[in-house]
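Visitor: Make a model of this:
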Amino acid sequence: MTAKGEEEHARHRCIDVIRGPNGTAALVAVAAFLVFGLNSTETSALPAYVMELGGGPFVASLQNSLFVLIAVLLRIPLERVVVRRGCRFAMVLGALGYTVPCLLLAGCSELWQVLSLRLAQALGLAAFQPSVSQYLTASSPSPVLGRHLGIVRFATTASLMVGPVSVFPLIVEQGYGAFFTALAVVGACGTAIACALPGRKPAAASKRPAQAVPRSDASDAGSLQMRQKALLLIGPFLLASGYSVVMNFGQLLSRSALAGFNDGVLFTCLSAGGLVGSLAAGWAADRFGPKRAVACTIAANGLGLLLMGIAVGPLPVLTGSLLCGAGYFGGIATLIAAAGTSLGGGASTFLARQQSGLDLGMIVGGLAAGLMMQAGLPLAAAFSTASAAAAAALLAWGMMYPRRKDA
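Guide: All right, here's what the predicted structure looks like:
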C-alpha cells in the first residue's frame, strides 16, 4: 500500500471510530461536560447572587424552581421537534438556549434582568438534558447502554467538580460579569461539539407483531410495566429533590460548616463522589440489573444528605457530600439505563417524561428548602428532610421493583 493509501486508510479508520458507538458516546460526554458544567456552576452561584441583589432565601430558590418549571412545560411541544428533527438538533438548540442568555447576563446588574434571563435559559434545560439520554439510547447497543450512560454521567459530574471551584474565584476577583462571560465561552464550545455529532433520530418502535399471550399473563405484564414506569419516575423525582437542596443552599452550608475553605470545595467533593458513583453504577446496572444498582445508589444518597444536615465539622460534611454525589449521579444513570433497556421502542418518549420528573423534583426540593428557611428553620432541617425522601424512595424501590435483571 502506498503512503497516500495508508494515510487515506488511517483517516477512514479514525472516522469510523468517531462515528462508532464508543466514539459517539465520547463526543456526547465532552459536549455534556461543557454544557452541564455551565448550568451546574450557574445554578449553584445564582442563589447567592440573587440574595446580594436584594432577594430573600425564598426568591433565591424560587428563581431556580421557576426556571425548571418553564423547562418542563416547554418540553411537551419540544418532543415533536425531536421526533421531526432528531436528538442532535435538540442538543444544539438546548446548548444555545443556555449560552446566549448567559452571555447577556454578563452585562446585567438588576435583579429583574437576572431573573428574566435565567428564565429564558429554560429552553436549554428543556431541550438539552433529555436529548442527551435519548441520543445515547438510540446510538448505543443495549449491552453497553448502562456503561455509556455512566460515562456521560461521569463527565457531567466532573463538570460540577471542576466548574465551581475554578470559576467561582472570578466572582471575587473580577465580578459576576467575568463569571458569566467565562460560562458563555464554555457553552459555545459545547454547542460546537454538539454540532459535530452524527445526526440520529429516536429509535422507532419495533415493527414485530406481538406474540399472543393468555389474558391473565397480559394483565400481569401490563401491571408490572405500570409499576416499573411509576418507580422509574418517582426515583428521579425524589433523588432530585435532595440534590436541589444541595444546589440551592450548598454554598450557604459551605460558608457555615466549611469556614476558611473555597466555597466550591463542597461541590468538588459532591462531584468526586459522583465520578465514582456514575461509572460504578453504570457497570453494575449492566452486570447485576437495576434493582440492586439503584437501591445501593439511593441508600448512599440518603446517608450523604443526612450527614450534611446533622454533622458538625468539615470532615463529616465533606464525607456526606461524597456519598450524596455518588448516590445521586449513580442513581440517575442507572434509572435512565433501566428505562432505556426495559421499555424498548417506547423509551425515547418516556426518557423525556423521566427528565421532567427529575426536574419537578428540583422544583419541589428547592422551594421546600427555601420555605423552611424563610420560616426560620435551620438549614439542617432541609437536608434531613431530603434524606427522609431518599429513604422513602429506597423503601418503595426495594419492595416494588421486580428482581429480574432484564426488568
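Visitor: And the average pLDDT for the host helix or strand of residue 172 is what?
Guide: Using DSSP states H and E, residue 172 sits within helix 145-174. Taken as a whole, helix 145-174 has a mean pLDDT of 83.
Visitor: For it, name the packing helices and strands.
Guide: For helix 145-174, the packing partners by 3 or more CB pairs under 8 Å, 6 or more residues apart in numbering; DSSP states H and E come out as helix 21-52, helix 122-139, helix 176-195, helix 265-288, helix 314-342. Bear in mind the C-beta positions are built from the backbone N, C-alpha and C, glycine included.
Visitor: tell me the angle of the first one relative to helix 176-195?
Guide: It refers to helix 21-52. Counting by axes from the mean of the first three to the mean of the last three CA atoms, to 10 degrees, helix 21-52 lies at 160 degrees to helix 176-195.
Visitor: Against residue 147, how distant is residue 363?
Guide: Distance of residue 363 to residue 147, given as CB to CB, to the nearest Å: 31 Å.
Visitor: how far off helix 21-52 does the helix holding residue 172 point, in degrees?
Guide: Inter-element angle recorded for helix 145-174 and helix 21-52: 40 degrees (by the same axes, to 10 degrees).
Visitor: buried sites along helix 145-174?
Guide: Within helix 145-174, the residues that count as buried by 16 or more other CB atoms under 10 Å are 145-165, 167-168, 170-171.
Visitor: Show me what the stretch of helix or strand residue 291 belongs to is packed up against.
Guide: Here residue 291 sits within helix 290-310, counting by DSSP H and E. Packing contacts for helix 290-310, counted by 3+ CB pairs under 8 Å, 6+ apart, involve helix 215-257, helix 265-288, helix 314-342, helix 379-400.
Visitor: Okay, angle between the shortest one and helix 290-310 too, please.
Guide: Same thing as helix 379-400. Using the same axes, to 10 degrees, one finds that helix 379-400 and helix 290-310 are set 160 degrees apart in direction.
Visitor: and the angle for helix 379-400 with helix 215-257?
Guide: On the basis of the same axes, to 10 degrees, helix 379-400 is oriented at 160 degrees to helix 215-257.
Visitor: what does helix 379-400 rub up against?
Guide: For helix 379-400, contacts defined as CB atoms under 8 Å, 6 or more residues apart in numbering pick out 227, 231, 234-235, 238-239, 241-242, 245, 249, 252-253, 256, 291, 294-295, 298-299, 301-303, 305-306, 308-310, 327, 365, 368-369, 372-373.
Visitor: Tell me the buried residues within these.
Guide: Counted by 16+ other CB under 10 Å, the contacts of helix 379-400 give 231, 234-235, 238-239, 241-242, 245, 249, 252-253, 291, 294-295, 298-299, 301-303, 305-306, 308-309, 327, 365, 368-369, 372-373 as buried.
Visitor: show me the contacts for the nearest residue to residue 235 once chain neighbours are set aside.
Guide: Distances taken as CB to CB, 6 or more residues apart in numbering place residue 335 nearest to residue 235, at 5.0 Å, with adjacent residues excluded. Going by CB under 8 Å, 6+ apart, residue 335 touches 232, 235-236, 239, 290, 294, 354.
Visitor: tell me the least confident of those?
Guide: Among those, residue 290 has the lowest pLDDT, at 79.
Visitor: Count the residues that sit near that residue.
Guide: Residues lying near residue 290 (other CB atoms under 10 Å) number 31.
Visitor: With adjacent residues omitted, what lies nearest to it?
Guide: The nearest residue in space to residue 290 (CB to CB, 6+ apart) is residue 338, at 3.7 Å.
Visitor: What score does that neighbour have for pLDDT?
Guide: 81.
Visitor: hang on, the earlier thing: of the helices and strands packed on helix 145-174, which is nearest residue 85?
Guide: Evaluated with CB to CB, those place helix 122-139 nearest to residue 85, the distance being 10.3 Å.
Visitor: buried set for that closest one?
Guide: Residues 122-139 are the ones in helix 122-139 that count as buried (16+ other CB under 10 Å).
Visitor: And the contacts of stretch 110-121?
Guide: 39, 42, 46, 49-50, 53-55, 63-64, 66-67, 70, 97-98, 101-102, 104-105, 108.
Visitor: go on, stretch 137-153?
Guide: For stretch 137-153, contacts defined as CB under 8 Å, 6+ apart pick out 21-22, 24-26, 28-29, 32, 87, 132-133, 136, 198, 200-203, 274, 278-286, 329-330, 332-334, 336-337, 340-341, 347-348, 351.
Visitor: what about the stretch 101-250 of the chain, any weak spots by pLDDT?
Guide: By pLDDT under 70, the low-scoring segments of the stretch 101-250 of the chain are 200-224.
Visitor: Could you pull up the contacting residues of residue 294?
Guide: Residues counted as contacts of residue 294 (CB under 8 Å, 6+ apart) are 235, 281, 285, 331, 334-335, 338, 397, 401.
Visitor: How about it: what's its closest non-neighbour residue?
Guide: Leaving aside its chain neighbours, residue 294 sits nearest to residue 334 (4.8 Å; criterion: CB to CB, 6+ apart).
Visitor: who are the neighbours in contact with the one you found?
Guide: Residue 334 neighbours (CB under 8 Å, 6+ apart): 146, 281-282, 284-285, 290, 293-294, 297.
Visitor: Let me have stretch 396-403 in PDB, keeping just the CA atoms, if that works.
Guide: Provided in PDB are the C-alpha atoms of stretch 396-403 (Å, rounded to 0.1, in the frame of the first residue of the first chain):
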ATOM      1  CA  ALA A 396     -40.600   1.800  47.600                       C
ATOM      2  CA  TRP A 397     -37.900   0.600  45.200                       C
ATOM      3  CA  GLY A 398     -36.900  -2.400  47.400                       C
ATOM      4  CA  MET A 399     -40.500  -3.500  47.900                       C
ATOM      5  CA  MET A 400     -42.000  -3.000  44.400                       C
ATOM      6  CA  TYR A 401     -39.400  -3.100  41.600                       C
ATOM      7  CA  PRO A 402     -39.100  -6.600  40.000                       C
ATOM      8  CA  ARG A 403     -35.900  -8.600  40.700                       C
END
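Visitor: what comes up buried for it?
Guide: Neighbour count says stretch 396-403 has 396-397, 401-402 buried, by 16+ other CB under 10 Å.
Visitor: Ok, stretch 252-265 next?
Guide: For stretch 252-265, by 16+ other CB under 10 Å, it's 252-254, 257-258, 262-265.
Visitor: Kindly report the same for stretch 106-116.
Guide: Those would be 106, 108, 111, 114-115, for stretch 106-116 by 16+ other CB under 10 Å.
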